[in-house]
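**Q** my questions concern the predicted model and sequence given below.
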Amino acid sequence: MTLYYNELAPWERKQEYYHIIELGKDVKKQTEILNQQTKAQTKALISSQIASTNTIIASQDRIAEGIDVVACGVERVEQGIFELKSAFEWGISEVVWQIEQNRAELKNILEVLMRPLDTQAKERKWRAEEAYANGWIDDAEEEFLESENLNKFDFSIHISLGMIYLFKIINKEKALSYFEKAIKYSKPKSSFYTSYALLHKALIHYDMGDIEEAEKASNEAVEFSLNFTEALYQNAQYNAQLLNNEQSFYHLEMAIQADKYYCLKANNDNMFDPIRGDVNKLFEKLRQEEEEKAIKSFEEISEKQDILNSFTTDFFAEPFFEDWQLKDKLKKLNEDFKTLNKMFHRNSYFDFRDINENISPRIKKKQSKLTSDLKQAVENNVEGIDKTLNNISEKTSETKKTYNNEIQEYFGTTNYVILIGSFVVPAVMTLILAPGWDKLLFIVFCIPLLSQGMSLWLLLYVFPTQYSDLSLNDKIFCWTLVLFIIGAVAYYLVNSSSSKSKMEGEVSKQKSMEKQLKTMKELTIPYLERVKKL
């Protein structure tokens, strides 16, 4: 292999799509630019790599749809190399280190290290970082060297000097010595930054042709930070070069589990060429594992979807169901299921993994929600019917009660009118019809009981038995009493009949509605039993 002692290796040079990533901007701005460029770079990288990738990794249909090009991106560039994962490249290491120094974890560590120092030492460190951030490499080197003399236990100073000698001055022996110091002084303080320095040490050893030392350093980086995916990937690279298949596959698989796009990276990485056939077998193994999980979830979802569709086909057809929101949810769920079905039959690692990590959990969640909503809808339907039936029953009772109250009111009014009339009618008729002093009978008809007794005597004895002997005035008097009583009774009969007719009409409507609701309930009850089994 070609050795790179005093020049940058091809993998250490900045790619064209990162041309605007340069030292000389503040950390916040660099993070924004790196975030934009990393997404663009990842899309460009995936676009080029996925087009020629192994069909085990991604199906041709998936490639044609551009799913991965659209979906890819780095969510938290501000977390540095740890979150860049497969998007990391050595060509942007300096800017990544600049961002690393702004992370809260490192700031907290350095705050403790800087606390006992005097103002001069802190000032030197600040000036060194300022010069480095602005790309003033000579000034940065000078200030960092002075800072090292004042605070040799600050491992970030050694990393910064290592970066300068590795990527700017290109003195890799010297760079290696500073990363060794960084490893030494970071071990008691931070496992992650120990791993960070160890990866740079491994890179330098690889540049110098010492692959075994590179593997050893990267493996140590993994041991210090087990979830550091870039450390896993780089160790897999070095083990591939040494033909340590088992170790290479073990760490490559862990990296891929953390970020599936390491598949594409490894598929196009010539460092894996010595074991390319076995790498493809690893991809097949990963695909089969994801397929087994996908088959299980696909069968579960399919069974559930069939049950839901069978239930909703019947339930939604009922005239009493009008919930369009539930119908829309079912429509969207069926669309998701079609997507799942399509991806499942593509038979690729990326498709199966997306099914297991995204599609299946989302569909299961929607199925569960729709099932819950359907149960609630059926239960609400039954409860609504029962509530309406109770209301109708109460309304029927209230209607009958109202009718009885009206009858009593009409009866009482009739009695009251007859009672009053028994005084007023005979008294008034006496004044009108009686001649002369006979008008004094008016006084008799104004006396309670005597008035009723006289009226009764006239109507029950005199009027029917001596009608022909009565004078015209007496006949008029009697007929007036008869007509008054007939009118009062007629008032009662007409009003009570009208009230009864109205009551019977209302009750008839309520009974008809009650019958319809009971029929609807009979239709709904079976759905209540079915929905419980969903």
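**A** Noted; the coordinates are in hand.
**Q** with just CA atoms, put stretch 162-181 into PDB.
**A** The C-alpha coordinates for stretch 162-181 follow below in PDB (Å, rounded to 0.1, in the frame of the first residue of the first chain):
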ATOM      1  CA  GLY A 162      -2.300  17.200  16.700                       C
ATOM      2  CA  MET A 163      -4.900  18.500  14.200                       C
ATOM      3  CA  ILE A 164      -2.600  21.300  13.200                       C
ATOM      4  CA  TYR A 165       0.400  18.900  12.600                       C
ATOM      5  CA  LEU A 166      -1.800  16.300  10.900                       C
ATOM      6  CA  PHE A 167      -3.800  18.400   8.500                       C
ATOM      7  CA  LYS A 168      -2.000  21.800   8.200                       C
ATOM      8  CA  ILE A 169       1.700  21.500   8.800                       C
ATOM      9  CA  ILE A 170       1.600  17.800   7.800                       C
ATOM     10  CA  ASN A 171       4.100  16.500  10.200                       C
ATOM     11  CA  LYS A 172       2.500  13.100  11.100                       C
ATOM     12  CA  GLU A 173       5.200  12.000  13.600                       C
ATOM     13  CA  LYS A 174       4.700  15.100  15.600                       C
ATOM     14  CA  ALA A 175       0.900  14.800  15.200                       C
ATOM     15  CA  LEU A 176       1.100  11.300  16.500                       C
ATOM     16  CA  SER A 177       3.000  12.400  19.600                       C
ATOM     17  CA  TYR A 178       0.400  15.000  20.400                       C
ATOM     18  CA  PHE A 179      -2.500  12.600  20.000                       C
ATOM     19  CA  GLU A 180      -0.600  10.200  22.300                       C
ATOM     20  CA  LYS A 181      -0.500  13.000  24.900                       C
END
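**Q** helix or strand right after the least confident helix or strand in the chain by mean pLDDT?
**A** Sorting the helices and strands of the chain by mean pLDDT, DSSP states H and E puts helix 67-71 at the bottom, at a mean of 43. Counting by DSSP states H and E, the element after helix 67-71 in chain order, helix or strand, is helix 81-84.
**Q** now that next one, how far from the centre of its chain.
**A** Mean-position distance between helix 81-84 and its chain equals 28 Å (C-alpha atoms, centre = their mean, to the nearest Å).
**Q** try stretch 495-505
**A** Worked out by C-alpha atoms, centre = their mean, stretch 495-505 lies 58 Å from the chain centre.
**Q** list the buried ones in that stretch?
**A** Asn495, Ser496, Ser499, Met503 (16 or more other C-beta atoms under 10 Å). Every C-beta, even on glycine, is put in place using the N, C-alpha and C of the backbone.
**Q** and if you look at stretch 202-214?
**A** Ala202, Leu203, Ile204, His205, Tyr206, Asp207, Met208, Ile211, Glu213, Ala214.
**Q** and it, what's its mean pLDDT?
**A** Mean pLDDT, stretch 202-214: 95.
**Q** over to stretch 309-329?
**A** 82.
**Q** would you mark the buried spots in it?
**A** Phe311, Thr312, Phe315, Phe321, Leu326, Lys329.
**Q** now render those residues as CSV, adding distance to Glu300.
**A** Shown next, in CSV, are the buried residues of stretch 309-329 (distance: C-beta to C-beta, whole Å):
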residue, distance to Glu300
Phe311, 17
Thr312, 18
Phe315, 22
Phe321, 27
Leu326, 22
Lys329, 19
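**Q** before we move on, back to that, tell me which of the buried residues of stretch 495-505 is nearest to Ser160?
**A** Nearest to Ser160 among the buried residues of stretch 495-505, counting by C-beta to C-beta, is Met503 at 97.0 Å.
**Q** give me the element the closest one is part of.
**A** Short version: Met503 belongs to helix 472-531, going by DSSP H and E.
**Q** just the buried residues of stretch 309-329 now: which is nearest Gln510?
**A** Closest approach to Gln510 among the buried residues of stretch 309-329 (C-beta to C-beta): Phe321, at 24.0 Å.
**Q** which stretches of the stretch 51-200 of the chain have low pLDDT?
**A** Where the stretch 51-200 of the chain drops to pLDDT under 70, the residues are 51-54, 58-80, 82, 104, 117-118.
**Q** where along the stretch 101-250 of the chain do the helices fall?
**A** Counting by DSSP state H, counting those that start in this stretch, the segments of the stretch 101-250 of the chain that form helices are 104-114, 119-133, 137-150, 155-163, 172-186, 191-207, 211-224, 229-241, 245-258.
**Q** please point out which parts of stretch 404-423 sit buried.
**A** Glu406, Ile407, Tyr410, Thr414, Val417, Ile418, Gly421, Ser422, Phe423.
**Q** now that stretch: mean pLDDT?
**A** Rounded mean pLDDT across stretch 404-423 is 83.
**Q** how far away from the center of its chain is that stretch?
**A** The answer for stretch 404-423 is 69 Å, by C-alpha atoms, centre = their mean.
**Q** now do the longest helix seen in the chain and helix 472-531, the angle between them.
**A** Ranked by number of residues, the top helix in the chain under DSSP state H is helix 360-433. Using axes from the mean of the first three to the mean of the last three C-alpha atoms, to 10 degrees, the direction of helix 360-433 lies 170 degrees away from that of helix 472-531.
**Q** packing partners for helix 360-433?
**A** The contact analysis (3 or more C-beta pairs under 8 Å, 6 or more residues apart in numbering; DSSP states H and E) places helix 360-433 against helix 276-315, helix 324-344, helix 441-444, helix 450-457, helix 472-531.
**Q** quick one: which of the ones you listed is nearest Asn239?
**A** Among the helices and strands packed on helix 360-433, helix 276-315 comes nearest to Asn239, with 11.4 Å by C-beta to C-beta.
**Q** now do the closest one against helix 245-258, angle only.
**A** Going by the same axes, to 10 degrees, helix 276-315 makes 30 degrees with helix 245-258.
**Q** one step back: so which elements touch the helix holding Met503?
**A** So helix 472-531, by 3+ C-beta pairs under 8 Å, 6+ apart, packs with helix 276-315, helix 360-433.
**Q** if we use 10 Å, what do you get?
**A** Using 3 or more C-beta pairs under 10 Å, 6 or more residues apart in numbering; DSSP states H and E as the contact test, the elements touching helix 472-531 are helix 276-315, helix 360-433, helix 450-457, helix 463-465.
**Q** centre of the chain to it, how far?
**A** 56 Å.
**Q** next one: stretch 146-161
**A** Worked out by C-alpha atoms, centre = their mean, stretch 146-161 lies 48 Å from the chain centre.
**Q** check which residues of that stretch are buried.
**A** 146-148, 150-151, 154-161.
**Q** alpha carbons of that stretch, as PDB, please.
**A** Coordinates of each C-alpha in stretch 146-161 appear next as PDB, following Å, rounded to 0.1, in the frame of the first residue of the first chain:
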ATOM      1  CA  GLU A 146       2.700  28.200  25.000                       C
ATOM      2  CA  SER A 147      -0.700  27.000  26.400                       C
ATOM      3  CA  GLU A 148       0.800  23.500  26.600                       C
ATOM      4  CA  ASN A 149       3.600  24.800  28.800                       C
ATOM      5  CA  LEU A 150       1.200  26.500  31.100                       C
ATOM      6  CA  ASN A 151      -1.300  23.600  31.300                       C
ATOM      7  CA  LYS A 152      -0.100  20.300  30.000                       C
ATOM      8  CA  PHE A 153      -3.000  18.400  31.500                       C
ATOM      9  CA  ASP A 154      -5.500  20.100  29.100                       C
ATOM     10  CA  PHE A 155      -6.000  17.300  26.500                       C
ATOM     11  CA  SER A 156      -7.900  19.600  24.200                       C
ATOM     12  CA  ILE A 157      -4.700  21.600  23.600                       C
ATOM     13  CA  HIS A 158      -2.900  18.400  22.500                       C
ATOM     14  CA  ILE A 159      -5.800  17.400  20.200                       C
ATOM     15  CA  SER A 160      -5.700  20.900  18.600                       C
ATOM     16  CA  LEU A 161      -1.900  20.700  18.100                       C
END
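**Q** understood, closing this out.
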